[in-house]
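Undergrad: below is the sequence, then the predicted model.
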Amino acid sequence: MEFLRSVVPFQPAPMIATERVILRAPGMADYQAWSDLRGRSRSFLAQWEPTWPIDDLTRPAFRRRLRRYQREINEATGYPFLVFRTEDLALVGGLTLSHIVRGVTQSCSLGYWMGEPYASRGLMTAAVKAVIPFVFDTLRLHRLEAACLPHNAASIRLLEKAGFTREGYARRYLCIDGKWQDHLLFAIVSDDPRP
Ligand SMILES: CC(C)(COP(=O)(O)OP(=O)(O)OC[C@H]1O[C@@H](n2cnc3c(N)ncnc32)[C@H](O)[C@@H]1OP(=O)(O)O)[C@@H](O)C(=O)NCCC(=O)NCCS
(Lines give C-alpha, C1' and ligand atoms only; values in the text may rest on other atoms or scores of the structure.)
Protein backbone atom coordinates (compact mmCIF):
# COMPACT_ATOMS: atom_id res chain seq x y z
CA MET A 1 0.00 0.00 0.00
CA GLU A 2 2.77 2.41 0.93
CA PHE A 3 4.47 1.63 -2.41
CA LEU A 4 1.23 2.25 -4.36
CA ARG A 5 0.68 5.57 -2.63
CA SER A 6 4.17 6.71 -3.55
CA VAL A 7 3.66 6.11 -7.31
CA VAL A 8 0.20 7.71 -7.62
CA PRO A 9 0.97 11.07 -9.28
CA PHE A 10 -2.15 13.04 -8.34
CA GLN A 11 -3.04 14.55 -5.01
CA PRO A 12 -6.77 15.03 -4.58
CA ALA A 13 -7.79 18.67 -4.81
CA PRO A 14 -10.04 20.01 -2.08
CA MET A 15 -13.70 20.95 -2.54
CA ILE A 16 -15.48 23.56 -0.43
CA ALA A 17 -19.27 23.81 -0.39
CA THR A 18 -21.40 26.52 1.23
CA GLU A 19 -24.98 27.70 0.93
CA ARG A 20 -24.17 30.15 -1.89
CA VAL A 21 -21.06 28.82 -3.63
CA ILE A 22 -19.12 25.64 -4.32
CA LEU A 23 -15.37 25.79 -4.91
CA ARG A 24 -13.50 22.96 -6.57
CA ALA A 25 -10.43 22.42 -8.74
CA PRO A 26 -10.97 22.79 -12.51
CA GLY A 27 -10.92 19.76 -14.79
CA MET A 28 -11.00 19.32 -18.56
CA ALA A 29 -14.80 18.94 -18.43
CA ASP A 30 -14.98 22.61 -17.35
CA TYR A 31 -13.24 23.87 -20.46
CA GLN A 32 -16.29 24.98 -22.47
CA ALA A 33 -18.05 26.78 -19.61
CA TRP A 34 -14.77 28.38 -18.51
CA SER A 35 -13.81 29.65 -21.97
CA ASP A 36 -17.36 30.90 -22.68
CA LEU A 37 -17.49 32.84 -19.41
CA ARG A 38 -13.96 34.26 -19.71
CA GLY A 39 -14.58 35.10 -23.37
CA ARG A 40 -17.79 37.03 -22.73
CA SER A 41 -16.20 38.78 -19.70
CA ARG A 42 -12.96 39.75 -21.47
CA SER A 43 -13.49 43.53 -21.47
CA PHE A 44 -14.67 43.40 -17.83
CA LEU A 45 -11.60 41.45 -16.68
CA ALA A 46 -8.67 42.41 -18.93
CA GLN A 47 -7.85 45.77 -17.33
CA TRP A 48 -7.37 44.04 -13.92
CA GLU A 49 -5.38 40.97 -15.01
CA PRO A 50 -2.02 40.06 -16.55
CA THR A 51 -2.23 40.29 -20.35
CA TRP A 52 -4.02 37.24 -21.75
CA PRO A 53 -1.79 35.09 -24.01
CA ILE A 54 -3.16 35.07 -27.56
CA ASP A 55 -4.28 31.42 -27.25
CA ASP A 56 -5.51 31.71 -23.66
CA LEU A 57 -9.08 30.56 -24.33
CA THR A 58 -8.11 27.55 -26.44
CA ARG A 59 -8.41 23.96 -25.31
CA PRO A 60 -4.61 23.23 -25.49
CA ALA A 61 -3.88 26.30 -23.35
CA PHE A 62 -6.50 25.19 -20.83
CA ARG A 63 -4.90 21.72 -20.73
CA ARG A 64 -1.49 23.33 -20.03
CA ARG A 65 -3.09 25.46 -17.32
CA LEU A 66 -4.51 22.31 -15.68
CA ARG A 67 -1.09 20.63 -15.77
CA ARG A 68 0.46 23.62 -14.01
CA TYR A 69 -2.34 23.60 -11.44
CA GLN A 70 -1.92 19.88 -10.80
CA ARG A 71 1.81 20.39 -10.21
CA GLU A 72 1.04 23.10 -7.70
CA ILE A 73 -1.51 20.89 -5.91
CA ASN A 74 0.96 17.98 -5.85
CA GLU A 75 3.69 20.21 -4.44
CA ALA A 76 1.21 21.91 -2.08
CA THR A 77 2.30 25.33 -3.36
CA GLY A 78 -1.09 26.37 -4.72
CA TYR A 79 -4.79 25.48 -4.91
CA PRO A 80 -6.83 26.67 -7.90
CA PHE A 81 -10.61 26.70 -7.60
CA LEU A 82 -13.49 27.36 -9.92
CA VAL A 83 -16.47 28.98 -8.23
CA PHE A 84 -19.98 27.64 -8.91
CA ARG A 85 -23.29 29.04 -7.72
CA THR A 86 -24.78 26.44 -5.39
CA GLU A 87 -28.39 26.98 -6.49
CA ASP A 88 -27.85 25.91 -10.12
CA LEU A 89 -24.15 24.88 -10.32
CA ALA A 90 -23.47 27.64 -12.87
CA LEU A 91 -19.78 28.45 -13.24
CA VAL A 92 -19.46 32.05 -12.03
CA GLY A 93 -15.73 32.70 -11.56
CA GLY A 94 -12.40 31.54 -10.22
CA LEU A 95 -10.30 31.86 -7.09
CA THR A 96 -6.66 30.88 -6.70
CA LEU A 97 -4.44 30.32 -3.71
CA SER A 98 -0.82 30.54 -4.84
CA HIS A 99 2.75 31.07 -3.63
CA ILE A 100 2.25 28.97 -0.53
CA VAL A 101 5.36 29.46 1.56
CA ARG A 102 6.02 27.38 4.67
CA GLY A 103 8.86 27.72 7.20
CA VAL A 104 8.86 30.91 9.19
CA THR A 105 6.40 32.63 6.79
CA GLN A 106 3.38 30.27 6.48
CA SER A 107 1.66 32.52 3.96
CA CYS A 108 -0.12 32.44 0.64
CA SER A 109 -1.56 34.80 -1.98
CA LEU A 110 -5.17 35.09 -3.05
CA GLY A 111 -6.38 35.92 -6.56
CA TYR A 112 -9.91 35.95 -7.99
CA TRP A 113 -12.11 36.86 -10.93
CA MET A 114 -15.86 36.92 -11.42
CA GLY A 115 -17.67 36.48 -14.73
CA GLU A 116 -19.32 39.75 -15.70
CA PRO A 117 -22.91 38.39 -15.69
CA TYR A 118 -22.51 37.33 -12.05
CA ALA A 119 -20.65 40.35 -10.62
CA SER A 120 -21.87 42.47 -7.70
CA ARG A 121 -24.14 39.77 -6.24
CA GLY A 122 -21.94 38.94 -3.27
CA LEU A 123 -20.71 35.69 -4.81
CA MET A 124 -16.96 36.38 -4.62
CA THR A 125 -17.31 37.65 -1.06
CA ALA A 126 -18.98 34.31 -0.25
CA ALA A 127 -16.17 32.43 -2.03
CA VAL A 128 -13.38 34.31 -0.24
CA LYS A 129 -15.09 33.86 3.13
CA ALA A 130 -15.42 30.14 2.36
CA VAL A 131 -11.74 29.70 1.55
CA ILE A 132 -10.46 31.42 4.71
CA PRO A 133 -11.13 28.42 7.02
CA PHE A 134 -9.44 26.17 4.45
CA VAL A 135 -6.35 28.41 4.54
CA PHE A 136 -6.10 28.75 8.31
CA ASP A 137 -7.70 25.58 9.69
CA THR A 138 -6.94 22.97 6.98
CA LEU A 139 -3.65 24.22 5.50
CA ARG A 140 -2.74 25.76 8.87
CA LEU A 141 -1.20 28.82 7.26
CA HIS A 142 -0.75 32.03 9.20
CA ARG A 143 -1.28 34.71 6.60
CA LEU A 144 -3.38 35.23 3.45
CA GLU A 145 -2.37 38.15 1.23
CA ALA A 146 -4.10 39.93 -1.63
CA ALA A 147 -3.05 42.85 -3.81
CA CYS A 148 -5.22 45.07 -5.95
CA LEU A 149 -4.99 48.18 -8.07
CA PRO A 150 -5.71 51.33 -6.06
CA HIS A 151 -8.69 52.17 -8.30
CA ASN A 152 -10.26 48.68 -8.17
CA ALA A 153 -13.17 49.70 -5.94
CA ALA A 154 -14.98 46.34 -6.24
CA SER A 155 -11.91 44.37 -5.19
CA ILE A 156 -11.15 46.71 -2.26
CA ARG A 157 -14.76 46.48 -1.07
CA LEU A 158 -14.72 42.69 -1.37
CA LEU A 159 -11.52 42.39 0.68
CA GLU A 160 -12.87 44.70 3.38
CA LYS A 161 -16.12 42.70 3.57
CA ALA A 162 -14.11 39.47 3.87
CA GLY A 163 -12.12 40.76 6.87
CA PHE A 164 -8.83 41.79 5.22
CA THR A 165 -6.82 44.76 6.50
CA ARG A 166 -5.07 47.22 4.24
CA GLU A 167 -1.37 47.01 5.13
CA GLY A 168 0.62 48.75 2.47
CA TYR A 169 1.33 50.11 -0.93
CA ALA A 170 3.77 48.48 -3.31
CA ARG A 171 5.17 50.46 -6.23
CA ARG A 172 5.07 48.82 -9.71
CA TYR A 173 4.14 45.59 -7.93
CA LEU A 174 2.53 43.47 -10.69
CA CYS A 175 2.44 43.63 -14.47
CA ILE A 176 -1.27 44.11 -15.09
CA ASP A 177 -2.76 44.71 -18.53
CA GLY A 178 0.77 45.07 -19.90
CA LYS A 179 1.99 47.71 -17.41
CA TRP A 180 3.89 47.52 -14.12
CA GLN A 181 1.35 49.03 -11.77
CA ASP A 182 1.29 50.16 -8.13
CA HIS A 183 -0.88 48.01 -5.84
CA LEU A 184 -2.57 48.18 -2.46
CA LEU A 185 -1.56 45.27 -0.22
CA PHE A 186 -4.15 43.59 1.98
CA ALA A 187 -3.89 40.64 4.35
CA ILE A 188 -5.80 38.61 6.91
CA VAL A 189 -3.89 36.64 9.55
CA SER A 190 -5.04 33.53 11.35
CA ASP A 191 -6.02 35.24 14.60
CA ASP A 192 -7.91 38.13 12.96
CA PRO A 193 -11.66 38.21 13.47
CA ARG A 194 -13.46 36.37 10.65
CA PRO A 195 -16.61 38.12 9.41
C1 LIG B 1 -13.43 42.09 -7.89
C2 LIG B 1 -14.47 41.03 -8.21
C3 LIG B 1 -13.83 39.65 -8.17
C4 LIG B 1 -15.57 41.08 -7.15
O5 LIG B 1 -16.46 39.99 -7.35
P6 LIG B 1 -18.01 40.16 -7.00
O7 LIG B 1 -18.64 38.82 -6.98
O8 LIG B 1 -18.59 41.16 -7.91
O9 LIG B 1 -17.89 40.74 -5.53
P10 LIG B 1 -19.05 40.98 -4.47
O11 LIG B 1 -20.36 41.19 -5.15
O12 LIG B 1 -18.94 39.88 -3.46
O13 LIG B 1 -18.54 42.33 -3.78
C14 LIG B 1 -18.19 43.43 -4.59
C15 LIG B 1 -18.51 44.72 -3.85
O16 LIG B 1 -17.98 45.81 -4.57
C17 LIG B 1 -19.03 46.70 -4.91
N18 LIG B 1 -18.70 47.26 -6.22
C19 LIG B 1 -18.77 46.66 -7.43
N20 LIG B 1 -18.37 47.51 -8.38
C21 LIG B 1 -18.05 48.66 -7.75
C22 LIG B 1 -17.56 49.92 -8.20
N23 LIG B 1 -17.31 50.13 -9.50
N24 LIG B 1 -17.36 50.88 -7.28
C25 LIG B 1 -17.59 50.65 -5.97
N26 LIG B 1 -18.02 49.48 -5.47
C27 LIG B 1 -18.25 48.49 -6.37
C28 LIG B 1 -20.28 45.85 -4.92
O29 LIG B 1 -21.43 46.66 -4.79
C30 LIG B 1 -20.00 44.98 -3.71
O31 LIG B 1 -20.16 45.67 -2.49
P32 LIG B 1 -21.51 45.63 -1.60
O33 LIG B 1 -21.81 44.17 -1.31
O34 LIG B 1 -21.20 46.42 -0.41
O35 LIG B 1 -22.59 46.24 -2.46
C36 LIG B 1 -15.14 41.26 -9.59
O37 LIG B 1 -15.69 42.55 -9.61
C38 LIG B 1 -14.16 41.10 -10.73
O39 LIG B 1 -13.88 40.01 -11.18
N40 LIG B 1 -13.66 42.24 -11.23
C41 LIG B 1 -12.79 42.25 -12.39
C42 LIG B 1 -11.49 41.47 -12.16
C43 LIG B 1 -10.81 41.86 -10.89
O44 LIG B 1 -10.90 42.97 -10.40
N45 LIG B 1 -10.08 40.91 -10.30
C46 LIG B 1 -9.40 41.11 -9.04
C47 LIG B 1 -8.10 41.74 -9.22
S48 LIG B 1 -7.38 42.16 -7.63
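TA: Arrived safely, thanks for sending.

Undergrad: make it CA atoms for all contacts and neighbour counts henceforth
TA: Noted.

Undergrad: helix, strand or coil for Arg67?
TA: helix (DSSP: H, G, I helix; E, B strand; the rest coil).

Undergrad: what about it, distance to Pro80?
TA: Arg67 is 11 Å from Pro80, where distance means CA to CA, to the nearest Å.

Undergrad: so which elements touch the helix or strand harbouring Glu160?
TA: For Glu160, the element it lies in under DSSP states H and E is helix 153-161. Counting contacts by 3 or more CA pairs under 8 Å, 6 or more residues apart in numbering; DSSP states H and E, the secondary-structure elements packed against helix 153-161 are helix 123-133.

Undergrad: following the lowest-mean-pLDDT helix or strand in the chain, which helix or strand shows up next?
TA: Taking mean pLDDT, DSSP states H and E as the measure, the helix or strand of the chain with the lowest value is helix 2-7, at a mean of 44. The helix or strand immediately downstream of helix 2-7 is strand 15-17, counting by DSSP H and E.

Undergrad: name the residues that touch that following strand?
TA: For strand 15-17, contacts defined as CA atoms under 8 Å, 6 or more residues apart in numbering pick out 22-25, 86, 130-131.

Undergrad: if any of these are buried, put those into a ChimeraX selection.
TA: Only the buried members of the contacts of strand 15-17 enter the following ChimeraX selection, criterion being 16 or more other CA atoms under 10 Å:
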select :22,23,24,25,130,131
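
Undergrad: let me know the closest of the contacts of strand 15-17 to the ligand.
TA: Here the nearest of the contacts of strand 15-17 to the ligand, counting by CA to the nearest ligand atom, is Ala130; it sits at 11.9 Å.

Undergrad: any idea how far Asp55 is from that closest one?
TA: 32 Å.

Undergrad: what's the answer for Asp192, then?
TA: To Asp55, Asp192 is 41 Å away according to CA to CA.
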